[in-house]
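*Asks:* okay, predicted coordinates and the sequence, questions at the end:
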Amino acid sequence: MEKAFSSFPSISMPKMPEASCDVIDEGNQFRIKMNIPGVNKKDIKLNVTDNSLEVSAEHKEESEEKKKNYLKKERSNVSYYRTLPMSEDVVSGKVKAKLADGVLEIILPKAKPTKTQTKKPVSIQ
């Protein structure tokens, strides 16, 4: 019986993609850049509280190819979910978001702006 199935191609399951992101503290606001390729803006849901951001997105795709004595169907489902706690309170009513080239950029204005830290170079010995 094992010989009968040995000629079939192996099927590998796709990995769940990571919604990698950068969180940048700009003093008066947080700027978040999140990679979510293959997702349309209508498929993204953002929820903001005073101290957290929740991002979820889902994209489904289905294709079918028919030929004589041949049928190929494929389905893919890509979903992202990420909750980011904010270290300071934000003004949830003034949050802005933009999607361009698979990168979601979110601006979260702070309730109380903070002083940005200055960088000081350190020499390596």
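*Replies:* Structure received.

*Asks:* this structure: helices as residue ranges?
*Replies:* 2-5 (DSSP state H).

*Asks:* in the chain, where is pLDDT below threshold?
*Replies:* 1-19 (pLDDT under 70).

*Asks:* strands along that one, start to end?
*Replies:* In the chain, the strands defined using DSSP state E lie at 21-25, 29-35, 44-48, 52-67, 70-85, 96-100, 103-109.

*Asks:* between those strands, which gets nearest to Val122?
*Replies:* Closest to Val122 of those is strand 21-25 (Cβ to Cβ; 20.6 Å). Bear in mind the C-beta positions are built from the backbone N, C-alpha and C, glycine included.

*Asks:* who's in contact with that closest one?
*Replies:* 30-35, 82, 84, 87, 114, 116 (Cβ atoms under 8 Å, 6 or more residues apart in numbering).

*Asks:* ok, Met93 - contacts?
*Replies:* For residue 93 the amino acid is Gly, not Met. Contacts of Gly93 (Cβ under 8 Å, 6+ apart): none.

*Asks:* which one of the contacts of strand 21-25 is nearest Lys72?
*Replies:* Asn35 (29.8 Å).

*Asks:* could you find the closest non-adjacent residue to that closest one?
*Replies:* Excluding the flanking residues, the one nearest Asn35 by Cβ to Cβ, 6 or more residues apart in numbering is Ser20, at 5.1 Å.

*Asks:* out of the contacts of strand 21-25, which are buried?
*Replies:* 30, 32, 34, 82, 84 (16 or more other Cβ atoms under 10 Å).
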